[in-house]
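J.: After the sequence you'll find the predicted model.
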Number of protein chains: 2
Amino acid sequence: MSLAMGESAVNDSVGDRKVRLAEHLKRSVLTLALEPGADLDETQLCDAFDVSRTPLREVLRELAGEGYLTLRLNRGARVSDLSHTTLRDFFLAAPMIYGAVMRLAALNATAQQIEALKLAQVEFREALRAGSTENRALANNHFHQITGEMAGNIYLLPSLNRLLIDHARISMTFYRPQTQQMAQNLTEACQQHDAIIAAIEAQDEGAAAQLAEDHWNLSRNQIELFVMPAALDMPMGELSRKTPA
Amino acid sequence: MSLAMGESAVNDSVGDRKVRLAEHLKRSVLTLALEPGADLDETQLCDAFDVSRTPLREVLRELAGEGYLTLRLNRGARVSDLSHTTLRDFFLAAPMIYGAVMRLAALNATAQQIEALKLAQVEFREALRAGSTENRALANNHFHQITGEMAGNIYLLPSLNRLLIDHARISMTFYRPQTQQMAQNLTEACQQHDAIIAAIEAQDEGAAAQLAEDHWNLSRNQIELFVMPAALDMPMGELSRKTPA
DNA sequence: AGAATACATATTGTATACAAAATAGCGACC
DNA sequence: GGTCGCTATTTTGTATACAATATGTATTCT
C-alpha cells in the first residue's frame, strides 16, 4: 500500500494528521491492539502519521491526561496498566458514576444528542450482528460517551471517561469466547440501550438511573463470569458477592 | 531583584524549573492570582522561568488536562472559566464525590498518609490564624487532595481534583469579606477537619462519610451566603433549597 | 464617517538540530 | 563462568529557527 497507517488521500494538514493519530491511539488502546503496558515508539509513530516529534509528544501528553497512556520521565510513553487494583477501583466507582451520569443525561439531553445516541446504538447493533468484538467495544464506548456529553457535568466527565476506557478494555479481555450465556447477555445489553434511549427521550431520570444500575449489573455479572476462574492471577474476594448465573 | 519569579538560587535543572512553573501556575489559578479566563503569555512565562517554549507548552497541556487551563487552537492557553453552569455542576457533583472519597479514605489510608494529613491540617490552622485567604484556600486544597490520595481510586481522583480546583476558586471568590458568621464557619470547618482525621485514623467509614456530608453542607451554606444576593449575575434557583442560617 | 480590505505585527504551531539520559553491547576482572 | 564497569547506541528532552495563523492598523472606497 502506498499510504501509511495514518495517511488519508489528499489535502490534509498537520492538524488533521494529529487528530487521526490521537484517534488511532485511542482506538488501539480501547481494543487492546495496544496492550496495557505496551511501549510506544515515537519515531515509528512520527513516520506512520507524518508529523514531527513535537506535535506527537503533545498528543501523547494529552492522552496521558485522559488516562489512555502513562508517561515516565526519560522513559517515554506506555499504555496505561490495567491491574488488579484498578479492577477493584473500577467495581467501586462505576455504578456510582454511571448512575449519576444517566440520571443527568435524562434531565439534560438535547434533541441533537438523542439523535447521536440513536446513531451510536445503530452502530452497536451492527457490531453485534457482525460479531466484531472490537467494533462492539468501540460502539459501546461511543454510546456511553454520548450519555456523558448529555449529562454535561464537567466534574463527572473525566471520571466517566476513565471508567469507559477500562470498561472497554475489560470487555475486550473477558468477552472473547462466544458462549451461549454471553450471546444472551449481549442481546440484553442491546435492549437495555434501547430502554436507556427511551428513558432519556422521556426525560425520566428515575428510569434512567434504574437502567444504569441494571446495565451495570449485567456488565458486572458478565465480567465476573470470567474473572472468577483464573483470568487474573489473584482472588477477587469481596468484590464478587453475587454469584453469576 | 536578581532572581526572576521562578528562579531558585543554584543548581536547578530544567526539569526543576518545569515543576516550579507548573506549581506556580496551579497556585496562581487556585488563588485567583490568575483570574478565570485570563490569557497566558508564553514568552513571558518562558522568560520568568527560564525554559524554552517546548517544555512550557508541555506543562500547559498537562495543566489543561487537569482542568486548570483551557487550550484554544491557534489562540493559546487561558485559565479555565468558572461560569454559572460550572457552579451548578459543582453543587451536584461535589457531595457525591466528596462522600465517596472520604469513605474510601477511611478504609484505605496508610499511617504515612495520615501523618501527611495531620501536617496539612497544621498548615490549614496556621493559615486561619494568620488570616490569609490565599493560604487558607491552598491549605484546604492540600488537605482534601491528601484524602483523595488516601482513597486511592484512580477513577474518582480526576473528578475530585477538578472539584477541588473550583472549590478553591469559589472559596476565594466568596469568602473574602470578614464577617462574624464567616469566622465561625471557618472555626467549624477546622474542627471538622480534626474530626475527619480521627474518623480516618479509626477507619470508621460511616463517620467519615457523615463528616464529608457535614463538611460539604457547611461549605455550601457559606457559598450560598454570598451567591444568593448578587455575586453572580443570575438566579441560582433550585440549587439552593436550604436557606443559610 | 463608517466599513471593508490589504498590509504589518504578534502569537501560535511545527520541524529539526542538539543535549542529556537510558539502554545495550562489550570487555575486563574476580 | 559470572559479575561489574565501561563505552557505543538509542531514546528522550530541550532549544531554536521557521511556517502558519490570528490580530491590529492604516488606507481606500462608498
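T.: Here it is on my side, so go on.
J.: in which helix or strand would I find the closest residue to A:Glu205 other than its chain neighbours?
T.: Once flanking residues are discounted, A:Glu205 sits nearest to A:Ala106: 4.3 Å by C-beta to C-beta, 6 or more residues apart in numbering or on different chains. All C-beta spots, glycine's among them, are computed from the backbone N, C-alpha and C. Assigned by DSSP states H and E, A:Ala106 falls within helix A:84-108.
J.: Same check on A:Tyr155?
T.: Using DSSP H and E, A:Tyr155 maps to neither a helix nor a strand.
J.: what does A:Thr70 give?
T.: Per DSSP H and E, A:Thr70 falls inside strand A:69-72.
J.: Return the set of buried residues in that strand.
T.: Under the neighbour-count criterion of 16 or more other C-beta atoms under 10 Å in any protein chain shown, strand A:69-72 has A:Leu69, A:Leu71 buried.
J.: which outside residues touch that strand?
T.: A:Leu25, A:Val29, A:Leu40, A:Leu60, A:Arg61, A:Leu63, A:Ala64, A:Ala77, A:Arg78, A:Val79, A:Ser80, A:Asp81 (C-beta atoms under 8 Å, 6 or more residues apart in numbering or on different chains).
J.: hmm, which two among these are most spread apart?
T.: Across the contacts of strand A:69-72, the longest distance by C-beta to C-beta is 18.1 Å; it joins A:Arg61 and A:Asp81.
J.: circling back to that earlier point, my understanding was that the residue nearest to A:Glu205 contacts A:Ala212; is that so?
T.: No - using C-beta atoms under 8 Å, A:Ala106 is not in contact with A:Ala212, being 9.6 Å away.
J.: all strands of chain A, in order?
T.: Taking DSSP state E to define them, one finds strands in chain A at A:69-72, A:76-79.
J.: quick one: the first one to chain centroid distance?
T.: On the basis of C-alpha atoms, centre = their mean, to the nearest Å, strand A:69-72 is displaced by 19 Å from the centre of the chain it belongs to.
J.: Likewise for the last one?
T.: Relative to its parent chain, strand A:76-79 has a centroid offset of 19 Å by C-alpha atoms, centre = their mean.
J.: now for it, which elements pack on it?
T.: Packing contacts for strand A:76-79, counted by 3 or more C-beta pairs under 8 Å, 6 or more residues apart in numbering or on different chains; DSSP states H and E, involve strand A:69-72.
J.: wait, which of the contacts of strand A:69-72 is closest to chain B?
T.: A:Arg61 (4.9 Å; C-beta to the nearest C-beta).
J.: how about the nearest residue to the closest one, chain neighbours excluded?
T.: B:Arg61 (4.9 Å).
J.: can you count the residues close to the one you found?
T.: By other C-beta atoms under 10 Å in any protein chain shown, 21 other residues sit near B:Arg61.
J.: follow-up on the earlier one: for B:Cys46, which of the strands of chain A is the nearest?
T.: strand A:69-72 (21.7 Å).
J.: Only alpha carbons, please: show the closest one as CSV.
T.: Only the C-alpha atoms of strand A:69-72 are listed here, as CSV (Å, rounded to 0.1, in the frame of the first residue of the first chain):
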residue,chain,number,x,y,z
LEU,A,69,-1.3,6.5,28.4
THR,A,70,1.3,6.8,31.2
LEU,A,71,4.4,9.0,30.8
ARG,A,72,7.5,8.1,32.6
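J.: residue contacts, the residue in chain A that DNA strand C sits nearest to?
T.: Going by C-beta to the nearest atom of the strand, DNA strand C is nearest to A:Ser52 of chain A, at 3.1 Å. By C-beta under 8 Å, 6+ apart, A:Ser52 lies in contact with A:Cys46.
J.: ok, and what's touching stretch A:161-175?
T.: A:29-32, A:36, A:66-68, A:80, A:82, A:86-87, A:90, A:93-94, A:97-98, A:133-134, A:136-138, A:140-141, A:144-145, A:148, A:182, A:219, A:222-223, A:225-227, A:231, B:154-155, B:158.
J.: cutoff 6 Å now
T.: A:30, A:32, A:67, A:82, A:90, A:94, A:97, A:137, A:141, A:144, A:223, A:226, B:155 (C-beta atoms under 6 Å, 6 or more residues apart in numbering or on different chains).
J.: Centre of the chain to it, how far?
T.: Put simply, stretch A:161-175 sits 5 Å off its chain's centre (C-alpha atoms, centre = their mean).
J.: Give me every residue in chain A lying close to DNA strand D.
T.: Contact residues (C-beta under 7 Å from any atom of the strand) of chain A with DNA strand D: A:13, A:39-43, A:53-54, A:57, A:71-77.
J.: What segments of chain A are helices?
T.: Ranges of helices within chain A are A:14-30, A:42-49, A:53-66, A:84-108, A:111-130, A:133-151, A:157-174, A:180-201, A:205-226, based on DSSP state H.
J.: Any chance of those helices in JSON lines with distance to B:Ala189 and mean pLDDT as columns?
T.: Supplementary listing: the helices of chain A in JSON lines, determined by distance: least, C-beta to C-beta, whole Å; pLDDT from 0 to 100:
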{"stretch": "helix A:14-30", "distance to B:Ala189": "41", "mean pLDDT": "96"}
{"stretch": "helix A:42-49", "distance to B:Ala189": "47", "mean pLDDT": "96"}
{"stretch": "helix A:53-66", "distance to B:Ala189": "31", "mean pLDDT": "98"}
{"stretch": "helix A:84-108", "distance to B:Ala189": "25", "mean pLDDT": "94"}
{"stretch": "helix A:111-130", "distance to B:Ala189": "39", "mean pLDDT": "97"}
{"stretch": "helix A:133-151", "distance to B:Ala189": "30", "mean pLDDT": "97"}
{"stretch": "helix A:157-174", "distance to B:Ala189": "25", "mean pLDDT": "95"}
{"stretch": "helix A:180-201", "distance to B:Ala189": "38", "mean pLDDT": "94"}
{"stretch": "helix A:205-226", "distance to B:Ala189": "32", "mean pLDDT": "93"}
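J.: closest point of chain A to DNA strand D, which residue?
T.: Closest point on chain A to DNA strand D, by C-beta to the nearest atom of the strand, is A:Gly76, at 2.5 Å.
J.: what lines up beside the strand holding A:Thr70 in the sheet?
T.: Take DSSP bridges as the rule and strand A:69-72 pairs in its sheet with strand A:76-79 (antiparallel).
J.: so the helix holding A:Ala106 versus helix A:133-151, what angle?
T.: Counting by axes from the mean of the first three to the mean of the last three C-alpha atoms, to 10 degrees, helix A:84-108 lies at 50 degrees to helix A:133-151.
J.: Would you mind pulling up the elements that helix A:84-108 packs against?
T.: helix A:133-151, helix A:157-174, helix A:180-201, helix A:205-226 (3 or more C-beta pairs under 6 Å, 6 or more residues apart in numbering or on different chains; DSSP states H and E).
J.: got the buried residues for that helix?
T.: Here helix A:84-108 shows A:86-106, A:108 as buried, counting by 16+ other C-beta under 10 Å.
J.: One more: stretch A:201-221?
T.: Neighbour-count burial for stretch A:201-221 flags A:204-205, A:207-212, A:215-216, A:219-221 (criterion: 16+ other C-beta under 10 Å).
J.: Now that stretch - C-alpha only, PDB.
T.: What follows is stretch A:201-221, C-alpha atoms only, in PDB (Å, rounded to 0.1, in the frame of the first residue of the first chain):
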ATOM      1  CA  GLU A 201     -36.100  10.900  25.500                       C
ATOM      2  CA  ALA A 202     -38.900  10.800  28.000                       C
ATOM      3  CA  GLN A 203     -36.700  12.800  30.500                       C
ATOM      4  CA  ASP A 204     -37.400  10.100  33.000                       C
ATOM      5  CA  GLU A 205     -34.500  10.400  35.400                       C
ATOM      6  CA  GLY A 206     -35.700   7.700  37.700                       C
ATOM      7  CA  ALA A 207     -36.000   5.100  34.900                       C
ATOM      8  CA  ALA A 208     -32.600   6.200  33.500                       C
ATOM      9  CA  ALA A 209     -30.900   5.700  36.900                       C
ATOM     10  CA  GLN A 210     -32.500   2.300  37.300                       C
ATOM     11  CA  LEU A 211     -31.500   1.300  33.800                       C
ATOM     12  CA  ALA A 212     -27.900   2.400  34.600                       C
ATOM     13  CA  GLU A 213     -27.900   0.100  37.600                       C
ATOM     14  CA  ASP A 214     -29.400  -2.800  35.600                       C
ATOM     15  CA  HIS A 215     -27.000  -2.200  32.800                       C
ATOM     16  CA  TRP A 216     -24.100  -2.200  35.200                       C
ATOM     17  CA  ASN A 217     -25.200  -5.300  36.900                       C
ATOM     18  CA  LEU A 218     -25.400  -7.200  33.600                       C
ATOM     19  CA  SER A 219     -22.000  -6.000  32.700                       C
ATOM     20  CA  ARG A 220     -20.500  -6.900  36.100                       C
ATOM     21  CA  ASN A 221     -22.000 -10.300  36.000                       C
END
